[in-house]
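1. Take a look and give me a structure for this.
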Amino acid sequence: MNVTLAIVALFVIGVLIIVLARFLPKSESSVPAAHAPPPTPEQTPTVENAVESSWGAREAAEFSQLPEAARCDLLFSIEDRSDDRSAALLAYALTDPSEVVATAAAHALIARGERKAVEEYLASCEDERRRAMARTLTALFPDLAVPEPSAPESNATPVPERSGNAVVRPDGAKATLVLDLAHLRLHEELRTIERADSGGMLRHLIALRRLLPERAVGATPALDAALRDAREAMNAPIARLVMTLNRPRPVLSGKDIEDGAGRLALRALLDALLTGPGEAEMPVATGEMRLLAGTVDLDALARARARLENEPIGAALPWIVNVELLPTTLLVHGEERDILSQYRARAAESLAVLCELPVAEFHRVIATHTDRVLDALLDDALAELAKLDVEA
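-> Just a heads-up that it's a prediction; the model follows:
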């Protein structure tokens, strides 16, 4: 009997324990959990803190291996960022061997409010590099403080005087620009232009870029460097344009025909050309020479340069500049043959009309409109160049 009562008592106690455990709050939940103190502003996680701030030899090597246009695009893409890693990249790019890349870095630094760093760099670099970078930067940021370059040596080539921000040059001044066909992969260049024959005027845009000059007669090293840099940077979007043309009905956007690096290089080229010594004398054709050469109107380029600042990427105006720069005379086998003057004049007329259109309409027209006269003039010029390729 006692055993039975004990068992019943244990059963009742067990039931009571289960009920109490179910309905009473647990001990750990009845005590408020301890919370960490709120983070201070320095401890608050941010995007900048999450990005590794180190910048060393490996990162520098990877950046240096990129093509010039890709380096510029990368710098433009981080212009609005404020983290340490972006700042380190821009500081490194400021010393890039390419003046175009260095100028892009300086532009980004100034846009970020780090004008003093750019001014200090310009004060420390060589006169030639300072002049080349300052031409573009002072056009974009007129209040930028650029130290005066050291006085040129007595045998240095004189630079046209300035009156305020304007270059003082004789009216009608001209310069002579040259494309050396002997060192050009002419077959590949002609093939690139021919492959773009998908209707519209896109083939002409490619031809204008592939036939850009690479040096100037009587030029300073800085001007020749600006010509080479512009040719490389402005040709970068051509691969994208060729891919666009492979589509059944190509639809263009600004990035298919121009990018930020190309625009920056074009401005730098015009600044170098307009402040350099003009030289209008054509080279003398010799038996071994294979050149395209032509004179350019510096007054026309100055007018285009003044308008270029307000033109959006992908607009028609840069192509008018390309037309003005196009060499027209073939110098080969001791002879001179004008093969592109008529083409240049017709292209200038057509693009002047298109320049009045909104950018989107300009893209539509050049993708769909056909100018038969312009096509025939280009075909004739390419046929002459193809003869050189066969002879080589």
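2. In the stretch 51-200 of the chain, what residue spans correspond to helices?
-> 57-64, 68-77, 84-93, 99-111, 115-124, 127-140, 186-195 (DSSP state H, counting those that start in this stretch).
3. Need the winner for burial among these.
-> With neighbours taken as mean count of other C-beta atoms under 10 Å, the helices of the stretch 51-200 of the chain reach their highest mean count in helix 99-111, at a mean of 25. C-beta here means a position set from N, CA and C on the backbone, and glycine is covered the same way.
4. coming back round to it: could you say which one of the helices of the stretch 51-200 of the chain comes nearest to residue 284?
-> Residue 284 lies closest to helix 186-195 among the helices of the stretch 51-200 of the chain, at 21.9 Å (C-beta to C-beta).
5. Low-confidence ranges, this protein, go.
-> 1-56, 139-140, 142, 147-170, 183, 195-199, 242-251, 277-279, 287, 389-392 (pLDDT under 70).
6. Spell out for me which residue occupies the centre of it.
-> residue 261 (0.6 Å; C-alpha atoms, centre = their mean).
7. gap between the nearest residue to residue 228 once chain neighbours are set aside and residue 368?
-> Excluding the flanking residues, the one nearest residue 228 by C-beta to C-beta, 6 or more residues apart in numbering is residue 214, at 5.6 Å. With distances taken as C-beta to C-beta, to the nearest Å, residue 214 is found 32 Å from residue 368.
8. do residue 211 as well
-> Residue 211 is 24 Å from residue 368, by C-beta to C-beta.
9. With neighbour numbers in mind, choose between these two.
-> Counted by other C-beta atoms under 10 Å, residue 211 and residue 368 do not tie: residue 211 has more neighbours, with 24 against 14.
10. for the more buried one, phi and psi?
-> phi -100, psi 20 (degrees, to the nearest 10).
11. which residues touch it?
-> Residues in contact with residue 211 (C-beta atoms under 8 Å, 6 or more residues apart in numbering) are 179, 189, 292, 326, 327, 340.
12. Same list, these, but as a markdown table with distance to residue 268 please.
-> Output for the contacts of residue 211, formatted as a markdown table (distance: C-beta to C-beta, whole Å):
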| residue | distance to residue 268 |
| --- | --- |
| 179 | 19 |
| 189 | 24 |
| 292 | 22 |
| 326 | 19 |
| 327 | 20 |
| 340 | 25 |
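13. and of those residues, the nearest to residue 358?
-> Nearest to residue 358 among these, with distances taken as C-beta to C-beta, is residue 326, at 25.6 Å.
14. In which helix or strand does the nearest residue to the closest one once chain neighbours are set aside reside?
-> Distances taken as C-beta to C-beta, 6+ apart put residue 344 closest to residue 326, at 5.0 Å, once the chain neighbours are dropped. According to DSSP states H and E, residue 344 maps onto helix 341-354.
15. residue ranges of the strands in this protein, please?
-> 162-163, 166-167, 174-180, 215-216, 290-297, 329-332, 335-338 (DSSP state E).
16. Now mean neighbour count and distance to residue 138 too, for those strands, in CSV please.
-> Shown next, in CSV, are those (neighbours: other C-beta atoms under 10 Å; distance: least, C-beta to C-beta, whole Å):
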stretch, mean neighbour count, distance to residue 138
strand 162-163, 8, 11
strand 166-167, 14, 13
strand 174-180, 21, 22
strand 215-216, 20, 22
strand 290-297, 21, 23
strand 329-332, 22, 35
strand 335-338, 12, 38
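17. out of these, nearest to residue 205?
-> strand 174-180 (17.1 Å).
18. Partner strands of the closest one, with direction?
-> strand 215-216 (antiparallel), strand 290-297 (antiparallel) (DSSP bridges).
19. angle of it against helix 186-195?
-> Between strand 174-180 and helix 186-195, the angle comes out at 100 degrees (axes from the mean of the first three to the mean of the last three C-alpha atoms, to 10 degrees).
20. could I have strand 174-180 exported to CSV, CA atoms only?
-> The C-alpha trace of strand 174-180 is given here as CSV (Å, rounded to 0.1, in the frame of the first residue of the first chain):
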residue,chain,number,x,y,z
LYS,A,174,48.3,74.9,-91.1
ALA,A,175,50.2,71.8,-90.0
THR,A,176,51.1,68.6,-91.9
LEU,A,177,50.2,65.2,-90.5
VAL,A,178,51.5,61.9,-91.6
LEU,A,179,50.5,58.2,-91.5
ASP,A,180,53.4,55.8,-92.3
